[in-house]
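J.: task: produce atomic coordinates for the following.
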Amino acid sequence: MSKFSDGMRTLTGGRGLSQYSMIIALVAIILVFEIWTGGYTLDPTNVINMVQQYSYILILAIGMVMLIIAGHIDLSVGSVAAFVGIVVAQSMAVWHLPAGLAMLLGLVVGALVGAWQGFWVAYVRVPAFIVTLAGQLIFRGANQVVGNSTAVPTPDSYNWIGNGFLPDFGPDFGYSNPTLILGLVVIAALIWKEVHDRRKRVRMGASPQPVWVSVVRLVLLCGITIFATFLFATGRVGTSFPIVGIIAGVLILVYSFVTSSTVFGRHIYAVGGNASAAVLSGVKSRGVNFLLMMNMSILAAVAGMVFVGNAQASGPFDGTGWELDAIAAVFVGGAAIFGGVGTVAGSIIGAFVMAFLANGLSLLGLDASWVSIIRGLVLLAAVAFDVYNKTQGRPSIIGLLLGGFRRKKPNITEEAIQAQPQGLEKPSGDQVDKVPLS
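T.: Just a heads-up that it's a prediction; the model follows:
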């Protein structure tokens, strides 16, 4: 048993299986509902429908986890998404804009909304909770004013982003050819990344992990990719991998890179960990907070547009409760309540947990009220377990996923503290951004 434990710790980067409990929980949820629903949970048609119906949670969770890492929260994302959706729908129905220009308009509107809210949060220093609570009311009302509280249909040329698929081509082998090619590209990327990481460790003078660890990890990841490719490639005639899945996948890759491998990403963690110390070390916290609020509203605009495309119309009640779905996904994914901890990968896992849970309960025919109760209990249990781990001196559940996605906090020794100039007063909240930066 000790050899098995040592092997698991080596495979998981020294953390053991306990730190991947949410992934295990996701697999367990899928398997349980697969049995209870008689195999329909993993039916290709159901999986494709899930990607199209719940993609907005994935997109919103990406922006929400960045805000929560920085110590903020956004309660307006559902209303912003609905407002952008009705503006885009009206621009095509009334102004007769082409679908491409209408989507560009939606992104611009999302950016303007984010700049408005970011100004109040970053420069007027109104808490994001209050600003976005006001935004929730403002943009929900604006949605109903612009749309006159009625549903506005959208053309097929636009609906493609919400319910379209990769176009098929080539000979008919009984599978979706573009989906098979996409699966092969993902497998090649996984192999390249593993080889690249091993070579990078060697160049840096560090010892690479044992070869068997890389092999096992690749076998698991490639196996999951092959299984997912098979599901999407064997759907009903005329379907393949959804376009909205491509959009969400690209966003996940881009923002994972931003948060893990860029200066801006390090600044987000610094501001969330200790804003005063971050500013003293040269981080422009006002700029970081402003950009995070703008980014969240742009992603809310994307989520709203793909939802409208899937629904084929924009309505006055779109986006209701979306902020709670996004926040739940982030916290189930292991983000810390007080900021400074969280990953894009963890929030996506949390989003999948909530999506499969809601889908499975719906397939079982449970009333919507019971679905809501169970999802709430799952959220409470996940956060409580995460808090328990931290109070016991253990790391976060998902916060340590994919070690490269997290930055270690510097160790501040007593000698380093004593070496600092004496007599300096700690800047107040109003003075933080007035500290001269070199």
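
J.: show me the strands in the stretch 51-200 of the chain, by range?
T.: Taking DSSP state E, counting those that start in this stretch, the strands of the stretch 51-200 of the chain run over residues 152-153.

J.: now do the stretch 251-400 of the chain
T.: Using DSSP E, counting those that start in this stretch, strands in the stretch 251-400 of the chain cover 313-314.

J.: nearest residue to the middle of the protein?
T.: I62 (2.7 Å; C-alpha atoms, centre = their mean).

J.: how about that one, nearest residue that isn't a chain neighbour?
T.: Distance criterion C-beta to C-beta, 6 or more residues apart in numbering; nearest residue to I62, sequence neighbours excluded, is Y255 at 4.9 Å. All C-beta atoms are positioned from the backbone trio N, CA, C, and that covers glycine.

J.: how many neighbours does that neighbour have?
T.: Counted by other C-beta atoms under 10 Å, the residues lying close to Y255 total 21.

J.: please renumber the chain so that the first residue is 23 from this point on.
T.: Sure thing, new numbering starts at 23, so read that last one as Y277.

J.: does it really touch M86, like I thought?
T.: No. If you go by C-beta atoms under 8 Å, Y277 and M86 don't touch, sitting 11.2 Å apart.

J.: re earlier: for the residue nearest to the centre of the chain, what are its contacts?
T.: By C-beta atoms under 8 Å, 6 or more residues apart in numbering, I84 lies in contact with L273, I274, Y277, L321, V366, S369, I370.

J.: roughly how far does it sit from Y62?
T.: Distance of I84 to Y62, given as C-beta to C-beta, to the nearest Å: 29 Å.

J.: same thing with A137?
T.: A137 is 45 Å from Y62, by C-beta to C-beta.

J.: if we can go back for a sec, out of the contacts of I84, which comes closest to A111?
T.: Using C-beta to C-beta, L321 is the member of the contacts of I84 that lies nearest A111, at 19.0 Å.

J.: any regions of the stretch 23-172 of the chain where pLDDT drops low?
T.: The model of the stretch 23-172 of the chain has pLDDT under 70 over residues 23-43.

J.: in it, which spans are helices?
T.: All helices of the stretch 23-172 of the chain, identified by DSSP state H, counting those that start in this stretch, fall at 24-33, 43-58, 66-91, 99-115, 121-144, 150-169.

J.: from those, which stretch is densest packed?
T.: Mean neighbour count (mean count of other C-beta atoms under 10 Å) peaks for helix 99-115 among those, with a mean of 27.

J.: just how off-centre is that one within its chain?
T.: In terms of C-alpha atoms, centre = their mean, to the nearest Å, the centre of helix 99-115 is set 21 Å apart from its chain centre.

J.: and that helix, what does it pack onto?
T.: If contacts are counted by 3 or more C-beta pairs under 8 Å, 6 or more residues apart in numbering; DSSP states H and E, helix 99-115 sits against helix 66-91, helix 121-144, helix 150-169, strand 174-175, helix 307-333, strand 335-336, helix 344-354.

J.: try it again at 10 Å.
T.: Secondary structure elements in contact with helix 99-115, counted by 3 or more C-beta pairs under 10 Å, 6 or more residues apart in numbering; DSSP states H and E, are helix 66-91, helix 121-144, helix 150-169, strand 174-175, helix 178-185, helix 307-333, strand 335-336, helix 344-354.

J.: what ranges of the stretch 223-372 of the chain fall below the confidence cut-off?
T.: Those would be none, if you go by pLDDT under 70 across the stretch 223-372 of the chain.

J.: for the residue nearest to the centre of the chain, give its distance to F191.
T.: Going from I84 to F191 by C-beta to C-beta gives 31 Å.

J.: for the helices and strands packed on helix 99-115, which one sits closest to F249?
T.: Across the helices and strands packed on helix 99-115, the minimum distance to F249, taken as C-beta to C-beta, is reached by helix 66-91, at 10.5 Å.

J.: show me where the stretch 173-322 of the chain has its helices.
T.: 178-185, 199-225, 233-255, 265-283, 285-295, 297-302, 307-333.

J.: which among those helices is found nearest to Q166?
T.: Closest to Q166 of the helices of the stretch 173-322 of the chain is helix 307-333 (C-beta to C-beta; 14.6 Å).
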